[in-house]
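Chemist: Turn this into a model:
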Amino acid sequence: MDKEKRVGRRQSLDSAVEPGPQIMIEADRWLKTVEKVRGTGKVCKRGLYKFETFEEADRWMESMILRSSRESRL
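Modeler: Numbers count the residues shown, from 1 in each chain. Below is the predicted model:
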């Protein structure tokens, strides 16, 4: 019988570690921050954005990050 070949370091569901309470606290803090910032125009407007290519989406994302970082410095 052949042995099972394991590639990479991904854990199986049986050996996966449950996230601790600290990561849940950080996620909750992040979500509260997003809720406060969303209506201020400091992040991109809500909506559905469609792009022809991944490269176009990547350029758009970079420009949004640059714009929001510039605005936050003012």
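Chemist: Show me what secondary structure element comes after the helix or strand containing Lys36.
Modeler: In this structure, Lys36 is located in helix 21-38 according to DSSP states H and E. Using DSSP H and E, the helix or strand that directly follows helix 21-38 along the chain is helix 54-73.
Chemist: Provide a list of residue ranges in the protein with pLDDT below threshold.
Modeler: Applying pLDDT under 70 to the chain picks out residues 1, 6, 10-17, 38-45, 71-74.
Chemist: now the helix holding Lys36, how far from the centre of its chain.
Modeler: Here helix 21-38 is found 12 Å from its chain centre; the criterion is C-alpha atoms, centre = their mean, to the nearest Å.
Chemist: Same question for stretch 21-39.
Modeler: Between the mean C-alpha location of stretch 21-39 and the chain-wide mean there is a distance of 12 Å, by C-alpha atoms, centre = their mean.
Chemist: what do you get for stretch 24-41?
Modeler: Taking the mean of its C-alpha atoms, stretch 24-41 sits 13 Å from the chain's own mean (C-alpha atoms, centre = their mean).
Chemist: got the CA coordinates for that stretch in CSV?
Modeler: C-alpha atoms of stretch 24-41 as CSV (Å, rounded to 0.1, in the frame of the first residue of the first chain):
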residue,chain,number,x,y,z
MET,A,24,-11.3,37.4,18.0
ILE,A,25,-10.8,40.6,20.0
GLU,A,26,-8.6,42.0,17.3
ALA,A,27,-11.1,41.1,14.6
ASP,A,28,-13.9,42.8,16.6
ARG,A,29,-11.8,45.9,17.0
TRP,A,30,-11.1,46.0,13.2
LEU,A,31,-14.8,45.6,12.3
LYS,A,32,-15.7,48.5,14.7
THR,A,33,-13.1,50.7,13.1
VAL,A,34,-14.4,49.9,9.6
GLU,A,35,-17.9,50.7,10.7
LYS,A,36,-16.8,54.1,12.0
VAL,A,37,-14.7,55.0,8.9
ARG,A,38,-17.1,53.7,6.2
GLY,A,39,-19.4,56.7,6.2
THR,A,40,-16.6,59.3,6.3
GLY,A,41,-15.2,58.8,2.7
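Chemist: List the buried residues for that stretch?
Modeler: Buried residues in stretch 24-41, counted by 16 or more other C-beta atoms under 10 Å: none are found. For the C-beta atoms, the positions are set from N, CA and C on the backbone; glycine is no exception.
Chemist: That concludes my questions; thank you for your assistance.
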